[in-house]
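*Asks:* no sequence on this one, just coordinates:
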């Protein structure tokens, strides 16, 4: 078997123990097969891939297995470059995760390690995070579907920041942390790692892999992450990557929970990560020309199934966005539809576009549909002569536009406004009273 390159022992009960369908531990722990495997791993220099997933080895067994991957006194070590250890319940004992950490600290051949589905919590992963700062070989690590949460994510993120000895990880390129209940704090810790110089090219914390390597190399021009279940954790990281990118032309983050809440009110509103994104946009972005932030619940409110507005209206995220877009000299298209910004939010947008000389020249398209508006922005009429596309009828109750003009579509409305015929009007009292009567019923 000296030329064997791939060995898959998934679910083979190589240590003699297993769990029955009820979850009870069965069998008797034995190391006969495990010792033979460890010997083969040390002596077969052709072996490159080993999969021991869904095998329970116990503390001593995991120690024996990891020892075969750690250089001994004669500096002899297995030459395996891919190791899969899914579903081995490593996190049920700190002794097992410590054995993995010890191996990672000294191993110089392993390129890919998969320890997903192992019940590893923040406490158990701390040693692994510390060990990764010394590792000079591992390029791909999968920690998906464990119990890390934000505290555990922070331990992993710390390996990319120089420790007291000046050691930090600069070899890892792909990291999967999905299925670990990562929230904003965990995302912020990973953003710090990106800022500190981590060479990660692919990072997954929830449902989508963030293309950090592409962003860092400034060779991405169109970044579309629409409907990718992005949340504040992702946004912290993405903002850190975008902060140094000067090439992106189109940025589409529509239909995501950028502020922690979706368009149906699910989640908890937290705009802190969005503030980081706005700050990244406000930094020098000479090329950004298309920005789509539709349906991202910017203001923390939503329409319930009856069409009534719910939630606590907050304008900070919208204000930060409007501050940022004033620093984008090439912005041609802006889409903030479906955010329920209301008329008060429209005033914030209006002020930003009226006071920005560059936007008066560059902005060609604006979409404010489905925002609960009763008015159109003033700048459409007089302050934006270069605006050629405006969408604002759908999902808004605009007063002051004749019905025949509205029925003709947005292009006719834009023409009507530019001709100076539109006069903003408040919601008619009769409609207001009727609406109140319905609420009381």
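*Replies:* It's in. Everything numeric here is computed off the predicted structure, so don't read it as measured data.
*Asks:* need the three-state assignment for residue 87.
*Replies:* coil (DSSP: H, G, I helix; E, B strand; the rest coil).
*Asks:* before we move on, what about residue 182?
*Replies:* Taking three-state DSSP, the label given to residue 182 is coil.
*Asks:* what residues does the helix or strand containing residue 103 touch?
*Replies:* Per DSSP states H and E: residue 103 is located in helix 94-106. The contact list for helix 94-106, computed with CB atoms under 8 Å, 6 or more residues apart in numbering, reads 57, 59, 62-63, 65-67, 69-71, 85, 88, 90-91, 110, 113, 115, 120, 123-125, 127-128, 130-132, 134-135, 138. All C-beta spots, glycine's among them, are computed from the backbone N, C-alpha and C.
*Asks:* which SSE is immediately downstream of that helix?
*Replies:* Counting by DSSP H and E, what follows helix 94-106 is strand 112-114.
*Asks:* quick one: average pLDDT of stretch 306-319?
*Replies:* Confidence for stretch 306-319, expressed as mean pLDDT, is 90.
*Asks:* where does the prediction get shaky in the protein?
*Replies:* Counting by pLDDT under 70, the chain contains low-confidence residues at 1-2, 73-77, 218-219, 284, 381-384, 426-441.
*Asks:* buried residues, stretch 212-226. List them.
*Replies:* 212-216, 220, 223, 225 (16 or more other CB atoms under 10 Å).
*Asks:* which ones among these are found in helices?
*Replies:* 212-216 (DSSP state H).
*Asks:* now these in JSON lines, with distance to residue 44?
*Replies:* Output for those, formatted as JSON lines (distance: CB to CB, whole Å):
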{"residue": "212", "distance to residue 44": "36"}
{"residue": "213", "distance to residue 44": "34"}
{"residue": "214", "distance to residue 44": "38"}
{"residue": "215", "distance to residue 44": "41"}
{"residue": "216", "distance to residue 44": "38"}
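*Asks:* quick one on the thing from earlier: nearest to residue 333 among the buried residues of stretch 212-226?
*Replies:* residue 223 (14.4 Å; CB to CB).
*Asks:* distance check, the residue nearest to residue 303 when sequence neighbours are not counted against residue 339.
*Replies:* For residue 303, ignoring the flanking residues on the chain, the nearest one in space by CB to CB, 6 or more residues apart in numbering is residue 309 at 6.2 Å. If you measure residue 309 against residue 339 using CB to CB, to the nearest Å, the figure is 12 Å.
*Asks:* ok, the two, which is more surrounded?
*Replies:* Per other CB atoms under 10 Å, whichever of residue 309 and residue 339 has more neighbours is residue 339, with 28 against 13.
*Asks:* correct me, but that one touches residue 296?
*Replies:* Yes. Using CB atoms under 8 Å, residue 339 is in contact with residue 296, at 6.5 Å.
*Asks:* can you tell me which residue is spatially central in the chain?
*Replies:* residue 234 (1.9 Å; CA atoms, centre = their mean).
*Asks:* the strands in the stretch 201-350 of the chain, which residues?
*Replies:* Secondary structure of the stretch 201-350 of the chain (DSSP state E, counting those that start in this stretch): strands at 202-204, 209-210, 222-224, 250-252, 290-292, 301-303, 309-311, 333-335.
*Asks:* mind giving me the ChimeraX select for the contacts of helix 94-106, buried ones only?
*Replies:* The following ChimeraX line selects those of the contacts of helix 94-106 that are buried, judged by 16+ other CB under 10 Å:
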select :57,62,63,65,66,67,69,70,85,88,90,91,110,113,115,120,124,125,127,128,130,131,132,134,135,138
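*Asks:* which of the contacts of helix 94-106 fall within helices?
*Replies:* 59, 62-63, 65-67, 123-125, 127-128, 130-132.
*Asks:* now, the most widely separated pair of those residues?
*Replies:* 67 and 123, at 23.0 Å, using CB to CB across these.
*Asks:* distance to residue 370 added to the strands of the stretch 201-350 of the chain, as a markdown table?
*Replies:* Shown next, in a markdown table, are those (distance: least, CB to CB, whole Å):
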| stretch | distance to residue 370 |
| --- | --- |
| strand 202-204 | 31 |
| strand 209-210 | 28 |
| strand 222-224 | 20 |
| strand 250-252 | 17 |
| strand 290-292 | 14 |
| strand 301-303 | 9 |
| strand 309-311 | 12 |
| strand 333-335 | 11 |
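*Asks:* for residue 322, which of those strands is the nearest?
*Replies:* strand 333-335 (10.1 Å).
*Asks:* which neighbouring elements make contact with the closest one?
*Replies:* strand 290-292, strand 365-367 (3 or more CB pairs under 8 Å, 6 or more residues apart in numbering; DSSP states H and E).
*Asks:* show me what the last one is packed up against.
*Replies:* With contacts defined as 3+ CB pairs under 8 Å, 6+ apart, strand 365-367 has these neighbours: strand 333-335, strand 389-391.
*Asks:* now distance to residue 289 too, for these, in CSV please.
*Replies:* Listed next are those as CSV, based on distance: least, CB to CB, whole Å:
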stretch, distance to residue 289
strand 333-335, 7
strand 389-391, 14
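*Asks:* ok, now how distant is residue 251 from residue 222?
*Replies:* On the measure of CB to CB, residue 251 and residue 222 end up 8 Å apart.
*Asks:* go on, residue 161?
*Replies:* 31 Å.
*Asks:* the nearest residue to residue 68 once chain neighbours are set aside: what's it in contact with?
*Replies:* For residue 68, ignoring the flanking residues on the chain, the nearest one in space by CB to CB, 6+ apart is residue 38 at 3.9 Å. Contact analysis of residue 38 by CB under 8 Å, 6+ apart lists 64-65, 67-68.
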